[in-house]
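**Q** predicted model, plus sequence, below.
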Amino acid sequence: MFIQIIYKILFTWLVTRCSGRLLDPSLFKNVLDDVANNGLGVNQIQDHFNSLTYTDTSVDGSSLATEISSSLSSKFNGPIQALKNLKTAIEAEIGNFRTSTSIVECCRARGTTYNSRFRSTVNMNEACITKSENSPSSIRYPNNRIVEVMKKNYQENPELKWQYLGTEDGILMNYPSFKFSTCRDYDPRFRPFYVSSATPVEKDVVIVIDKSGSMNALHQTQTLIQIAKQAANTVLQTLNPNDRFTVIAFSSGAEVLGSRYRDCIKSYELSEATPMNIKFIEGEINRLSVDGKTNYEAALDTAFKFFEKSPRNISGESREKVILFLTDGEKTAGGDPLSLIAKRNGDLENEIVILTYGVGA
């Protein structure tokens, strides 16, 4: 019955939307009432609530506020102190990090058992590390002194759970140890926790992807458009919710991804980098197909519109403004992109940094 009611709502909405007529508010109200009463049992729940007995108890608001404040302080002060302990240890030991380590890789984690606090199988006696496939050859690994501090933090803080350290060499140390499925797929430098610490200034980012016909060429085992999609998705994963972004795909003309479904994007408004928005645009990126010529002018014209029409500052704070331009070669359509950049960026006081990446070069 409940499924039938939901189907009725969706069918009514879709028919109304496709035919272009306004939704009858009284009809929609009746359907929602039907869902509430017959599908969810709201009236029955209310009747049951009304039948319950209760006792009025006077509450001392001042004492209750003090109790809540003390409880919250206890909950947050422990983890904050644990973070300070870890920071102090890292600063003291970083000069002692070595090019080899006895700490096991997470993909080879051993002795793990289920722990309800972590809701996972872990080894509380060890930390583990991961190493990115893009790590340099001269890696410096965190040492066991850091592991000991993590263990002590855990023992002293009943609310504390995962502790981890990401380094500029692409190393992740995780305590407690747990099993990773692969050895080289994870790189902390591309995760929001690392990027937001390394670049704390909030960002406005416009990613521009070349989807012209030449992007169908192969580089090793992948097409250039596949490489560009992966690069764009990786950038999206480094953003945090305080950043704003949009993605433009271009060939003979330019297309703002998501503009067919969201009016805010259609009006050249940058989107907040929330997980939901990022997931939505990732889906749009993955559906891109190649065709047409290479029109840099159209792509850059569209990119600059987002900086011109979005608020330049939020909450009084300045923001870094970046265009990431992913392409495989020279333009084959449109006007001079350098003249456009000089004019439009000049109008914006040259605040926009343009980073160009040659895909497959």
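**A** Nice, thanks for sending it over. Numbering: from 1, shown residues only.
**Q** so L324 bridges to which residues?
**A** When bridges are called by DSSP bridges, L324 pairs up with I207, L355.
**Q** next: E255.
**A** Counting by DSSP bridges, E255 is bridged to A249.
**Q** tell me, how many residues neighbour it?
**A** Close neighbours of E255, defined as other CB atoms under 10 Å, add up to 19. Just so you know, the C-beta spots here come from the backbone N, C-alpha and C atoms, and that holds for glycine as well.
**Q** that one reaches A249, doesn't it?
**A** Yes - the pair E255 / A249 is scored as a contact, 5.0 Å apart, by CB atoms under 8 Å.
**Q** next secondary structure after the longest helix along the chain?
**A** The single longest helix within the chain, with elements called by DSSP state H, is helix 61-93. Counting by DSSP states H and E, the next helix or strand C-terminal to helix 61-93 is strand 113-115.
**Q** point out the other helices and strands that that following strand packs with.
**A** Contact analysis of strand 113-115 by 3 or more CB pairs under 8 Å, 6 or more residues apart in numbering; DSSP states H and E lists strand 120-123 as its packing neighbours.
**Q** in its sheet, what does the strand it packs on sit against?
**A** Here, using DSSP bridges, strand 120-123 pairs with strand 113-115 (antiparallel), strand 177-178 (antiparallel).
**Q** tell me which residues in it are buried?
**A** Applying a neighbour-count criterion of 16 or more other CB atoms under 10 Å, one finds V122, N123 buried in strand 120-123.
**Q** report the distance from that strand to the chain centre.
**A** Mean C-alpha position of strand 120-123 versus that of the full chain (CA atoms, centre = their mean, to the nearest Å) differs by 26 Å.
**Q** quick check: the gap between A273 and L236.
**A** Per CB to CB, to the nearest Å, A273 is found 7 Å from L236.
**Q** ok, the two, which is more surrounded?
**A** Neighbour comparison, A273 and L236: the larger count goes to A273, with 23 against 20 (by other CB under 10 Å).
**Q** these two touch, right, that one and V235?
**A** No - the criterion here is CB under 8 Å, and A273 misses it with V235 at 10.3 Å.
**Q** circling back: can you lay out the strands paired with strand 120-123 as JSON lines showing distance to N143?
**A** As requested, the strands paired with strand 120-123 are exported to JSON lines (distance: least, CB to CB, whole Å):
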{"stretch": "strand 113-115", "distance to N143": "25"}
{"stretch": "strand 177-178", "distance to N143": "16"}
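**Q** looking at the ones you listed, which is nearest to F190?
**A** Go through those one by one with CB to CB and the one that ends up closest to F190 is strand 177-178, at 20.3 Å.
**Q** the next helix or strand after that closest one - what's its average pLDDT?
**A** Once the chain leaves strand 177-178, the next helix or strand it forms, by DSSP H and E, is helix 192-198. Averaging pLDDT along helix 192-198 gives 82.
**Q** ok, stretch 146-163 next?
**A** If you average the pLDDT over stretch 146-163, you get 93.
**Q** contacting residues around it?
**A** Contacting residues not belonging to stretch 146-163 are listed as 75, 78-79, 81-82, 85-86, 89-90, 93, 103, 117-118, 124, 126-127, 165, 173-176 [CB atoms under 8 Å, 6 or more residues apart in numbering].
**Q** and those, which are buried?
**A** Listed as buried from the contacts of stretch 146-163 are 78, 82, 85-86, 89-90, 103, 124, 126-127, 165, 173-176; burial here means 16+ other CB under 10 Å.
**Q** widest-spaced pair of these?
**A** So, the buried ones among the contacts of stretch 146-163 by CB to CB: farthest apart are G78 and I103, at 25.3 Å.
**Q** buried sites along stretch 32-48?
**A** Counting neighbours by 16+ other CB under 10 Å, the buried set in stretch 32-48 is V35.
**Q** may I have it as CSV, with CA atoms only?
**A** Output in CSV follows, covering the C-alpha atoms of stretch 32-48 (Å, rounded to 0.1, in the frame of the first residue of the first chain):
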residue,chain,number,x,y,z
LEU,A,32,0.3,13.5,1.3
ASP,A,33,-2.5,13.1,3.9
ASP,A,34,-3.0,9.6,2.5
VAL,A,35,0.7,8.8,2.9
ALA,A,36,0.8,10.2,6.4
ASN,A,37,-2.3,8.4,7.7
ASN,A,38,-2.4,5.2,5.8
GLY,A,39,1.2,4.7,4.8
LEU,A,40,3.1,5.9,7.8
GLY,A,41,0.4,5.6,10.5
VAL,A,42,0.8,9.1,11.8
ASN,A,43,-2.6,9.2,13.4
GLN,A,44,-2.0,5.9,15.2
ILE,A,45,1.3,7.1,16.5
GLN,A,46,-0.3,10.3,17.8
ASP,A,47,-3.1,8.3,19.5
HIS,A,48,-0.5,6.1,21.2
